[in-house]
Structure formats: C-alpha cells, structure tokens
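Chemist: everything below, folded, please.
(one chain, ligands or ions: 2)
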Amino acid sequence: MTALELRELRKTYRARGRPPVEAVRGIDLRLDSGELLGLLGPSGCGKSTTLRMIAGLEAVTGGDILVGGTSVTDRPAQRRNIGVAFENYALYPPLTVAENLAFGLRARRGSRDEDVSRRVAEIAERVGLTGILDARPAGLSSGQKQRVCLARALVREPDVLLLDEPLSHLDAARRDTTRRELKRLQRDLGHTTILVTHDQEEALSLADRIAVMRDGVIQQLGTPYEIYDSP
Ligand code: ADP
Ligand code: ADP
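Modeler: Ligands and ions are numbered 1, 2, ... in the order given. Predicted coordinates for the structure are as follows:
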C-alpha cells in the first residue's frame, strides 16, 4: 500500500529584489507503508525544503502531497500527523523532557492523563530516555536532545516520519549504537520514513531504497545495492 506519494512537487522561493530560487523542481515519489527511504544529495539540493513541504512547515509552489491516498497539501501541519525530527526544530526550554513528549499528545482531543503518561513512558523506554525524563533541554547534551526530538516525533504514532540528520551530533561510537537502535525501532514500529543523511553507512544500513537529489530533482532512485554498486 502506498503510504506517502509526492506528485510533481515544486518549490520556488521568491524574495523581493532577489532572483527566484527553484529549490524543488518537480519530484515524483511513492513510499510503501513501512518503507524507509534514505534521501541523499549535496548541500542546497532541496532535501530540507522537500521535508518541510511534506510536514506542512512550508507552502508548496506546485504539485500534491498524499498521505494514505488523501491529499494533505492544503492542510496545516498540525492536521497532518507527520512526525518530524529536524535539527533546528527546537524543544520547549521551560518544559521537562517528559512534558515536551506529552505536549503534542495532550493537544489531541480526548486523550486522558494516564494514557498520555503511559505512552510517554513507553516511548522513553524505547528511545533510551528513561533516566532523563525530568531534565530540561538546557541540561542535555546535543546527542540527548536529538533522542528527545526523535521520541517526540514517534510519540504520536505518526503516519509518516521525517528525520533530518538524526545522528549528526553523536560521536562515532554513539552513532553506531544509535544507528542499530534506529534499525530496531524501524523494524518494531514499522513507520513509513524519509531519512535525510550525509552518511553513506547510515543510508546503507537503514534504507530500503535511496533517492539521490541534485538541483531540486531526484537524479537516482533504487535499492542501496543499485545506488552504490552502479558505475
Ligand atoms: P538541502 O536541505 O539539500 O541543503 P535546502 O532545501 O535547504 O537544501 O535548500 C535548497 C535551495 O533553496 C538552496 O539554494 C537554499 O539556499 C534555498 N533555500 C532554502 N530555504 C530558503 C528560504 N527560506 N528562502 C530562500 N531560499 C531558500
Ligand atoms: P539545511 O541545509 O539543513 O537546509 P540551511 O543552512 O540551508 O540548512 O538552512 C537553514 C535555514 O535557513 C532554513 O530555515 C532555511 O529555510 C533558511 N535558508 C537557507 N537558505 C536560504 C536563503 N538563500 N535565503 C533565506 N533563507 C534561507
């Protein structure tokens, strides 16, 4: 089943007195339910813009975004149920880790306090945050903050998960363990995921397919084997 579909997706940034920037120039893509797509490409090729449009954080210039067969292109971010873990997507400083995770759940109608607490505890356990639930973001390492962002993206059981360089702040050893944990999470929870990364090893070990972007279009699409073994 197709979980996410992009049709002719486009984005042109226009600012007064500056030439327009065609950041995304017509992307067509289908992700099956539970599939993890690795999105690669040089800086400035349009990866973040693509993710922000899917999340609803940036208006599209043209094209359509379908989740589970329904167009969400005109829906605001909070009505899309898309989990995002972006580098510059800030945690709320006054709230503890547990409160940061609960925040999005409480906003949902009809969710009871004990259900929220149970869900937060469950995700914290999975992502390895149990020991720091009462800490505030300012007291955490950047690696811990990235885990909190990941947990926050997962806690609402999103239809689609978008991860932008989720391991970039970890040192080599932590990155190795966290990559293995991500793989296990992916197997257990089976989210339909787009993962932006510069790390070839991360893409090889996690992705079902890889899309390589260049200048706002997808230049190559295939299994990791096809992408990395092609001449
Ligand atoms: P990537 O994530 O692959 O590094 P981006 O999506 O961030 O690429 O950027 C694609 C292009 O769009 C770049 O040329 C970038 O400078 C430009 N761009 C990104 N965001 C904006 C913005 N808010 N306003 C104008 N140009 C932007
Ligand atoms: P990334 O490569 O991860 O997208 P960037 O440094 O390109 O990171 O972008 C960081 C922020 O700056 C984003 O919010 C993006 O929208 C904005 N930005 C990037 N390029 C431009 C640009 N040419 N003009 C205005 N804003 C931009």
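
Chemist: from now on I want contacts and neighbour counts done on CA atoms only, so please keep to that.
Modeler: Will do.

Chemist: the chain: strands as residue ranges?
Modeler: Using DSSP state E, the strands assigned to the chain run over residues 2-13, 21-32, 36-40, 62-67, 70-71, 82-85, 160-164, 192-196, 209-214, 217-222.

Chemist: the ones you listed: which one's closest to L101?
Modeler: L101 sits nearest to strand 82-85 of all these, at 12.0 Å, using C-alpha to C-alpha.

Chemist: got the contact list for that closest one?
Modeler: Outside strand 82-85, the residues that touch it by C-alpha atoms under 8 Å, 6 or more residues apart in numbering are 55, 146, 149-150, 152-154, 156-164, 166.

Chemist: dump it to CSV, restricted to CA.
Modeler: Extracted C-alpha coordinates of strand 82-85, given in CSV (Å, rounded to 0.1, in the frame of the first residue of the first chain):
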residue,chain,number,x,y,z
ILE,A,82,3.6,13.7,10.4
GLY,A,83,6.4,13.2,12.9
VAL,A,84,9.4,15.4,12.4
ALA,A,85,12.8,15.4,13.9
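
Chemist: switch the strands of the chain over to CSV; also include distance to ligand 1.
Modeler: Shown next, in CSV, are the strands of the chain (distance: least, C-alpha to the nearest ligand atom, whole Å):
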stretch, distance to ligand 1
strand 2-13, 5
strand 21-32, 4
strand 36-40, 8
strand 62-67, 15
strand 70-71, 22
strand 82-85, 14
strand 160-164, 9
strand 192-196, 8
strand 209-214, 8
strand 217-222, 11
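
Chemist: max-length helix in the protein?
Modeler: The single longest helix within the chain, with elements called by DSSP state H, is helix 172-189.

Chemist: quick one: that one to chain centroid distance?
Modeler: A distance of 15 Å separates the C-alpha centroid of helix 172-189 from that of its chain, computed with C-alpha atoms, centre = their mean, to the nearest Å.

Chemist: likewise stretch 41-57?
Modeler: Between the centre of stretch 41-57 and the centre of its chain there are 10 Å (C-alpha atoms, centre = their mean).

Chemist: that one near ligand 1 anywhere?
Modeler: Yes. Using C-alpha under 6 Å from any ligand atom, stretch 41-57 reaches ligand 1 at 43-49.

Chemist: figure out the length between the terminal residues of that stretch.
Modeler: With C-alpha to C-alpha, to the nearest Å as the measure, the ends of stretch 41-57 fall 21 Å from one another.

Chemist: show me the contact partners of it.
Modeler: Contact with stretch 41-57 is made by 11, 23-24, 39-40, 58-60, 65, 73, 75-77, 80, 82-84, 162, 164, 196, 198, 212-217, as judged by C-alpha under 8 Å, 6+ apart.

Chemist: quick check: the spatially most central residue of the chain vs T192, distance?
Modeler: Computing the C-alpha centroid of the chain and ranking residues by C-alpha atoms, centre = their mean puts L162 first, at 1.5 Å. Counting by C-alpha to C-alpha, the separation of L162 from T192 is 9 Å.
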